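Trainee: turn this into a model:
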Amino acid sequence: MSGYAGVVVSDPLLHSQFTQVELRSLKSKYTSVKNHNAKVTIEDLPPILAKLKAFNQSFKEEDIKEILSESASDMNQEIEFEDFLKVHLSFQVRASAQLGGSKDSSAFLKASTTTLLHTVSQSEKGCYVHHINSYLGDDPFLMQFLPLDPNSDDLFNIAKDGVLLCKLINVAVPGTIDERAINTKRVLNPWERNENHTLCLNSAKAIGCTVVNIGPHDLVEGRPHLVLGLISQIIKIQLLADLNLRKTPQLVELADDADDIEELMGLSPEKVLLKWMNFHLQRAGYEKIVANFSSDIRDAKAYTFLLNVLAPEHCDPATLDAKDPIERANLVLDHAERMGCKRYLNCNDIIEGSSNLNLAFVAQIFKMRNGLSLDGKKVSFAEMMTDDVQTSREGRCFRFWMNSLGIATYVNNVFEDVRNGWVLLEALEKVSPGSVNWKHATKPPIKMPFRKVENCNQVIKIGKQLKFSLVNVAGNDIVQGNKKLILALLWQLMRYNMLQLLKNLRSFSHGKEISDSDIINWANYKVKCSGRRSRISSFKDKGLSNGLFFLELLSAVEPRVVNWNLVTKGEKDDEKRLNAIYIISVARKLGCSVFLLPEDIMEVNQKMILTLLASIMYWCLQQEDLESSPSLSESATVTDISSAAPSVQSEDESSICGEISSFNIDDAESDSTVSSVIDNIEDDQ
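Mentor: Next up is the predicted model:
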């Protein structure tokens, strides 16, 4: 596998403002102009900058041209790539000032994985270090490096190999990563380190983290704000994992009737935690409503009431009588410690309103003592409302896939969050740019029901234009939450997205539409070319359940990625499971973005099988495009492979090698996530 080198910027300060994903996107735009005009001048910049979503709401092309002409004596002056980046940053500052600064997302998982040169919070770093020391201290491999010192940069240094981050994901959601796929040598070479980070980022997406616009190279560099942003999300997922009716049916006590239970099922874990906190505060006689984990709890009074009602045996009367907020906060922490809660924050974090650390603290209190009772009637009713296993698995897959697109709205519950139509329109715009008429769309919060129907009607209209099967389906079906129809729509949207990605690889498709049979023929072709005899007839071929065909395919596209010593014969269910877990981790390690579960392979879920094969196919063909060394005549096209079916007779193709690529990112997505820079960046320049 060839080496991976990021876009190099000589100025360290300038380099620190961008992730590698952003640099590659901007470099591509710069190079396209240079290739066309032989050089890039200041006069070439306005059309480039005007198309960036980071600026297009703040500046028109004429505005950009006017600003540049005021500061440049000669518009025909040639501009180098680093100068282009400085201009980009300068306009970002202006855009940020016009918009009044960025606003925090309400979704708890929209963590700050941006390019801004953040000041790292020492309290947060210390909290995460203690969490890692606590949960990973006994790990056979990591125990040689742990415990980490919270006052040093140990965390960022050890994170550079990717092992710690992979294992932290497994602590948050056990079984996500097959640890046999992690490279755990004492000293890793660049390829092995890159593989670990690719596995980490693809697995993070698969558990619900928002990692758009961050690549393996950024983690290899150990950028503190990116590492902490990712760790923060992983730990939040772990701490909030039980805040749903499936894991904690006692939460049904927070609901008064069936409508409230349904609403409760649609809330994000963060909002469920707030609802739980206010439920107990009301019981304790606290008069205020806590709406956030920052300003509403700075005086520590809410904590005092909460802990007194949950653990009265540890109550200290002095806490309620304390006049000084700092003294009260210290007494609260002492009370929590007597309950057995881990210290995720100190008194200053409470007083200063650190939302991340306060959320972690409340989640820890919930874990230790939720104070809820088991009302048999309510619990049984709640269990009746939960999804069947298959529906739940598919809903999970589509939820994480939608979040991986980089849409603005974070999807917490796929069946509830799509009912207003807005998030579906956002996904459609990502999958088919320009398809949505935003003038006829209503952004949440939506008070009038007919506006939701209008949004969903546009979703159906666009779906029909994209040739989805939507016979007798109306927008109102989505508004009413028809799960069967919602799953059918999302599946067709996800499938369309994958086939379009494959179609855009012109060296393979030559612009022709890709069909399901093309994917099957390609997979058979690759396995045959590797010298193996396995073949599949369809995505529901029962022979796929043992996983061997997928491993042969992965080995065919990259021979070094599969360790055959770890592969079982797949004859028994436990052997099939081991193979399935290994397949998913190896695919993610290679660079495939997949969201299926081991059960989907074992049960041969044809929808999820298609997503897996298509992802492997896309990665492999993308490497051919990136390498660009073989001529088109040497590479098999869709026509060549199709004509070879079913015997798949075709000449051997060149071996595939190339950089490990962890994301399928389009320019528009990258542009939309280029974040603000420090206010005085122009002075630094």
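Trainee: report the buried residues of stretch 412-424.
Mentor: Residues 412, 414-424 are the ones in stretch 412-424 that count as buried (16 or more other CB atoms under 10 Å). The way it works is simple: take the backbone N, C-alpha and C, and place the C-beta from them, glycine included.
Trainee: what's the weakest-modelled helix or strand in the chain?
Mentor: Using mean pLDDT, DSSP states H and E, helix 667-672 stands out as the lowest-scoring helix or strand of the chain, at a mean of 34.
Trainee: as CSV, the buried residues of stretch 412-424 with secondary structure and pLDDT would be great.
Mentor: Listed next are those as CSV, based on DSSP: H, G, I helix; E, B strand; the rest coil; pLDDT from 0 to 100:
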residue, secondary structure, pLDDT
N412, coil, 88
V414, helix, 90
F415, helix, 91
E416, helix, 89
D417, helix, 92
V418, coil, 94
R419, coil, 93
N420, coil, 94
G421, coil, 96
W422, helix, 96
V423, helix, 96
L424, helix, 96
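Trainee: of all those, which two lie farthest apart?
Mentor: Comparing every pair within these by CB to CB identifies N412 and G421 as the most remote, at 16.4 Å.
Trainee: nearest residue to P224 other than its sequence neighbours?
Mentor: Nearest non-adjacent residue to P224, counting by CB to CB, 6 or more residues apart in numbering: V120, 4.7 Å away.
Trainee: make sure that neighbour is indeed in a helix.
Mentor: No. V120: not assigned to a helix; according to DSSP: H, G, I helix; E, B strand; the rest coil it is coil.
Trainee: mind listing what it touches?
Mentor: Going by CB atoms under 8 Å, 6 or more residues apart in numbering, V120 touches 224-225, 228.
Trainee: neighbour-wise, which of the residues you listed leads?
Mentor: Highest neighbour count within those, by other CB atoms under 10 Å: L228, with 23 neighbours.
Trainee: which ones are touching that residue?
Mentor: The neighbourhood of L228, defined by CB under 8 Å, 6+ apart, consists of 120-121, 124-125, 128.
Trainee: for L359, same thing?
Mentor: Counting by CB under 8 Å, 6+ apart, L359 has contacts 108, 236, 239, 270, 273, 293.
Trainee: identify the farthest-apart pair in those residues.
Mentor: For these, with distances taken as CB to CB, the pair at the greatest spread is L239 and F293 (12.1 Å).
Trainee: quick one, strands of this structure?
Mentor: Applying DSSP state E to the chain gives no strands.
Trainee: residues near the closest residue in space to A322 that isn't next to it in sequence, how many?
Mentor: Nearest non-adjacent residue to A322, counting by CB to CB, 6+ apart: R328, 4.1 Å away. If you count neighbours by other CB under 10 Å, R328 ends up with 23.
Trainee: from P174, how far out is R328?
Mentor: Going from R328 to P174 by CB to CB, to the nearest Å gives 37 Å.
Trainee: next: L490.
Mentor: Applying CB to CB, the value for L490 to P174 is 26 Å.
Trainee: likewise C200?
Mentor: For C200, the distance to P174 (CB to CB) stands at 16 Å.
Trainee: more neighbours: which of those two?
Mentor: C200 (30 against 10).
Trainee: retrieve the pLDDT associated with that one.
Mentor: Per-residue confidence (pLDDT) for C200: 96.
Trainee: chain neighbours aside, what residue packs nearest to it?
Mentor: Closest residue in space to C200, ignoring its immediate chain neighbours: L165 at 4.5 Å, by CB to CB, 6+ apart.
Trainee: residue contacts, the one you found?
Mentor: Taking CB under 8 Å, 6+ apart, we find L165 in contact with 159, 196-197, 200, 204, 219, 227, 230-231, 234.
Trainee: just the ones in helices from the residues you listed, please.
Mentor: 159, 196-197, 200, 204, 219, 227, 230-231, 234 (DSSP state H).
Trainee: for the closest residue to E416 other than its chain neighbours, grab the count of nearby residues.
Mentor: Excluding its sequence neighbours, the residue lying closest to E416 (CB to CB, 6+ apart) is G266, at 3.1 Å. Using other CB under 10 Å, G266 is surrounded by 16 other residues.
Trainee: now the helices for the stretch 301-450 of the chain?
Mentor: 301-310, 318-321, 325-339, 347-352, 355-368, 376-385, 389-404, 414-417, 422-431, 449-465 (DSSP state H, counting those that start in this stretch).
Trainee: wait, which of the ones you listed is closest to T611?
Mentor: Of all those, it is helix 389-404 that lies closest to T611, at 7.8 Å by CB to CB.
Trainee: quick one: buried residues of the closest one?
Mentor: Result for helix 389-404 [16+ other CB under 10 Å]: buried residues 393-404.
Trainee: now swap in stretch 353-373 and tell me
Mentor: Buried, per 16+ other CB under 10 Å, within stretch 353-373: 354-367, 370-372.
Trainee: any stretches of the stretch 551-685 of the chain with poor pLDDT?
Mentor: Across the stretch 551-685 of the chain, residues meeting the criterion (pLDDT under 70) sit at 625-685.
Trainee: which stretches of it form helices?
Mentor: Taking DSSP H, counting those that start in this stretch, the helices of the stretch 551-685 of the chain run over residues 573-590, 598-602, 606-627, 638-644, 667-672, 681-684.
Trainee: you'd agree G570 is up against Y582?
Mentor: No. Using CB atoms under 8 Å, G570 is not in contact with Y582, being 10.6 Å away.
Trainee: list the contacts for the residue lying closest to Q250 once chain neighbours are set aside?
Mentor: Using CB to CB, 6+ apart and skipping the chain neighbours, the partner closest in space to Q250 is L372 (3.8 Å). Each residue near L372 by CB under 8 Å, 6+ apart is listed here: 248, 250-251, 253-254, 276.
Trainee: possible to save the residues you listed as a markdown table with pLDDT and neighbour count?
Mentor: What follows is the contacts of L372, written out as a markdown table (pLDDT from 0 to 100; neighbours: other CB atoms under 10 Å):
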| residue | pLDDT | neighbour count |
| --- | --- | --- |
| T248 | 87 | 17 |
| Q250 | 87 | 17 |
| L251 | 89 | 27 |
| E253 | 87 | 18 |
| L254 | 87 | 19 |
| W276 | 94 | 24 |
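Trainee: TSV for those, including distance to E313?
Mentor: Below are those laid out as TSV (distance: CB to CB, whole Å):
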residue	distance to E313
T248	23
Q250	20
L251	24
E253	21
L254	24
W276	21
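Trainee: among the residues you listed, which are in helices?
Mentor: Among those, DSSP H puts W276 in helices.
Trainee: of the contacts of L372, closest to G591?
Mentor: Nearest to G591 among these is T248, at 36.2 Å by CB to CB.
Trainee: pretty sure that closest one is touching N370, no?
Mentor: Yes. Assessed by CB under 8 Å, T248 is found in contact with N370 at 6.9 Å.
Trainee: if we can go back for a sec, need the buried ones from the contacts of L228 selected in ChimeraX.
Mentor: Buried residues among the contacts of L228 (16+ other CB under 10 Å), as a ChimeraX selection:
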select :121,124,125,128
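Trainee: need the max-distance pair from the contacts of L228.
Mentor: Across these (CB to CB), the longest gap, 10.7 Å, separates V120 and Y128.
Trainee: mind listing what's buried in stretch 294-309?
Mentor: 294, 296-298, 300-309.
Trainee: got JSON lines for the residues you listed, with distance to E624 too?
Mentor: Formatted as JSON lines, the buried residues of stretch 294-309 follow (distance: CB to CB, whole Å):
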{"residue": "S294", "distance to E624": "49"}
{"residue": "D296", "distance to E624": "55"}
{"residue": "I297", "distance to E624": "55"}
{"residue": "R298", "distance to E624": "56"}
{"residue": "A300", "distance to E624": "60"}
{"residue": "K301", "distance to E624": "63"}
{"residue": "A302", "distance to E624": "58"}
{"residue": "Y303", "distance to E624": "58"}
{"residue": "T304", "distance to E624": "63"}
{"residue": "F305", "distance to E624": "63"}
{"residue": "L306", "distance to E624": "58"}
{"residue": "L307", "distance to E624": "60"}
{"residue": "N308", "distance to E624": "65"}
{"residue": "V309", "distance to E624": "63"}
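Trainee: once you drop chain neighbours, what's closest to H335?
Mentor: In space, H335 is closest to L307, 4.8 Å off (CB to CB, 6+ apart).
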